[in-house]
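>>> Sequence and computational prediction follow.
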Amino acid sequence: EAGVVQSPRYKIIEKKQPVAFWCNPISGHNTLYWYLQNLGQGPELLIRYENEEAVDDSQLPKDRFSAERLKGVDSTLKIQPAELGDSAVYLCASSHGGGAFFGPGTRLTVL
Amino acid sequence: DQQVKQNSPSLSVQEGRISILNCDYTNSMFDYFLWYKKYPAEGPTFLISISSIKDKNEDGRFTVFLNKSAKHLSLHIVPSQPGDSAVYFCAASSYGGSQGNLIFGKGTKLSVKP
């Protein structure tokens, strides 16, 4: 069974540019998470979906970040415009009750 | 304010010995706890979990102990192997993990020396 798929794995952009990350969760997993991980820190939740509904987006900086999961399967996280402080690893995870399974992450570098 | 705390940033252990990683939490609503292992350039990998109705869960060389009164859990690895060298994250959630968000600690870097 395939795990959580994320693309791209790495992305380098200049500040003020837009960027998008894509995630395909494990088949059958209704819950999808986007996490942000800074160096030396644990993952921090950005948004959680139950099917296509965003049930917790309280930590998502909505002035520049947006996310969607239109058909309740794959999801896209967008940043527009990117700032220097957005450089981090963006992790997608999915679950069907119990523990979450993570993808490999997208390492974003904003110059 | 951190709800999940891993106070030891790093731990070094000799191969074959026991590794003990500790985690404390502050939110009494947490009822499901997980440990994740992370290698560089990879996402965290689920290792073992425990529900608050238990005080111990074992899976091969890995055992998690939960002390609810102290709001403390620990991960024991016996015997430790060089391949166990990684960053270990403790995570907690409410509602058995099915409805709540996972809250992570900052991680402990384990180094197992041959």
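The structure has been received and is ready for your questions.

>>> Leaving out chain neighbours, which residue sits closest to the residue nearest to the spatial centre of chain A?
Against the mean C-alpha coordinate of chain A, by Cα atoms, centre = their mean, the closest residue is A:Trp34 at 3.4 Å. Leaving aside its sequence neighbours, A:Trp34 sits nearest to A:Leu46 (Cβ to Cβ, 6 or more residues apart in numbering or on different chains; 4.4 Å). Glycine gets a C-beta too; all of them are placed from N, C-alpha and C.

>>> Tell me the spacing between the one you found and A:Leu60.
Using Cβ to Cβ, to the nearest Å, we find A:Leu46 at a distance of 5 Å from A:Leu60.

>>> What count of nearby residues applies to B:Ser85?
Counted with other Cβ atoms under 10 Å in any protein chain shown, residues neighbouring B:Ser85 total 18.

>>> cool, and A:Phe65?
Applying other Cβ under 10 Å, we find 19 residues neighbouring A:Phe65.

>>> and the gap between it and A:Ala20?
Plainly put, A:Phe65 is 11 Å away from A:Ala20 if you go by Cβ to Cβ.

>>> Next: B:Ile53.
Distance from B:Ile53 to A:Ala20, by Cβ to Cβ: 42 Å.

>>> same deal with B:Pro114?
Distance, B:Pro114 to A:Ala20, using Cβ to Cβ: 43 Å.

>>> Looking at those two, which has the bigger crowd around it?
Remark: of B:Pro114 and A:Ala20, A:Ala20 carries more neighbours, 15 against 7, as counted by other Cβ under 10 Å.

>>> Determine whether any part of the one helix or strand that one maps to lies close to chain B.
If you go by DSSP states H and E, A:Ala20 is part of strand A:19-24. No - judged by Cβ under 8 Å from any Cβ of the partner chain, strand A:19-24 makes no contact with chain B; its nearest approach is 10.9 Å.

>>> in its sheet, what does that strand sit against?
Strand A:19-24 has its sheet partners listed here by DSSP bridges as strand A:5-7 (antiparallel), strand A:75-79 (antiparallel).
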